[in-house]
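In: Sequence plus predicted model, see below.
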Amino acid sequence: MTDCVWLAKFIRLAATFLLLAALAFDPGATALAQDLSSSPVAPLANGSAHPSEGHGSPLPVSAPEAAASQQESAPAPGELPAPAKTARTDLPRDLSPWGMFMAADSLVKAVMIGLALASLATWTILLAKTIELAGARGSARRTLDAVREARTMGEALSATDGNGGPAREMLAAAAREAALSDAAVDHAGGEGLKQRVQLMLSRIEAAAGRRISQGTGVLATIGSIAPFVGLFGTVWGIMNSFVGISKAQTTNLAVVAPGIAEALLATAIGLVAAIPAVIVYNAFVRRIQAYRALLGDVAAGVLCLVSRDLDYRKVPSSRVVRFGQAAE
């Protein structure tokens, strides 16, 4: 029996030595070595020690087999381990502009539609006022050229017979007032006539400026309030996003991002409506000022013609020029 005990001890010592040798090449065998060192050897029926096959316990795996199994499961040198499978985080909504608009709150949708209509109004006013200003400036320029070349009021009226617009209206108003004052000029002098003509020309110029400026106030309004309207839509959308986050009880970016993106879309549309409106408004202000300056030049030319006609009345009777007639 003593020989059997020594044989069992020798077997355990040999197994331990083999495991230590395997650890030098594969550190993964440490757990297996601990299991083998802690498991007792069941005694044989005759008192010798051997693996307890009759009791149903599994046979212990030898150290070389354990090392081989560990080497097969470990990745090859230079080979990266396979990445672990992660859960998909697909975005639950379409993040295109149209998709964000359709998924937005009803109030945010109303804000976006209003801002889109404001942007459409900006481009409509730009097209309409550009055509209107081009026609008005062309007519005023032709009338101014005719006034500068004419010697009397009659010549200017004849040269601008086919023209229209406020500049031609200035000529007609001055000629009409001069004709009404023709009988009294020789007795009362021409200063009263000049004052009346100047007053009429200033009123025509002011009316033309107001008429040509119609619509530009809308541009100023859009440029001023569109960013704030868009910001209101953004604030409302972010509030709804926070409510959705609290209901979902998650801060996952896939859940949070769509609502915030929809809210920020309102601010983006507000800026798209406001920036062109401000640029177009400033451009029209400069062009309208230039147009009114052109009308001022026409008014000055008409006053010169009235004054010249008054001077012609003082020449000998053979060269008297009545208002509305060409000089001989």
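Out: Great, that's in hand.
In: So which other helices or strands are in contact with the helix or strand Arg287 falls within?
Out: Using DSSP states H and E, Arg287 sits in helix 253-312. Applying 3 or more C-beta pairs under 8 Å, 6 or more residues apart in numbering; DSSP states H and E, we find helix 253-312 packed against helix 97-103, helix 106-149, helix 153-159, helix 166-180, helix 191-212, helix 216-248. All C-beta atoms are positioned from the backbone trio N, CA, C, and that covers glycine.
In: Let me have those helices in JSON lines, adding mean neighbour count, distance to Ala290 and mean pLDDT as columns.
Out: Shown next, in JSON lines, are the helices and strands packed on helix 253-312 (neighbours: other C-beta atoms under 10 Å; distance: least, C-beta to C-beta, whole Å; pLDDT from 0 to 100):
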{"stretch": "helix 97-103", "mean neighbour count": "15", "distance to Ala290": "39", "mean pLDDT": "71"}
{"stretch": "helix 106-149", "mean neighbour count": "17", "distance to Ala290": "8", "mean pLDDT": "92"}
{"stretch": "helix 153-159", "mean neighbour count": "20", "distance to Ala290": "22", "mean pLDDT": "87"}
{"stretch": "helix 166-180", "mean neighbour count": "20", "distance to Ala290": "14", "mean pLDDT": "89"}
{"stretch": "helix 191-212", "mean neighbour count": "16", "distance to Ala290": "11", "mean pLDDT": "90"}
{"stretch": "helix 216-248", "mean neighbour count": "17", "distance to Ala290": "14", "mean pLDDT": "87"}
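In: can you redo those as TSV with distance to Arg292?
Out: Converted to TSV, the helices and strands packed on helix 253-312 look like this (distance: least, C-beta to C-beta, whole Å):
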stretch	distance to Arg292
helix 97-103	42
helix 106-149	10
helix 153-159	21
helix 166-180	10
helix 191-212	5
helix 216-248	13
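In: Which of those helices sits closest to Lys314?
Out: helix 191-212 (14.0 Å; C-beta to C-beta).
In: which residues are contacting that closest one?
Out: 132-133, 136, 165-166, 169-170, 173-174, 177-178, 181, 185, 288, 291-292, 295-296, 299, 302-303, 306-307, 310 (C-beta atoms under 8 Å, 6 or more residues apart in numbering).
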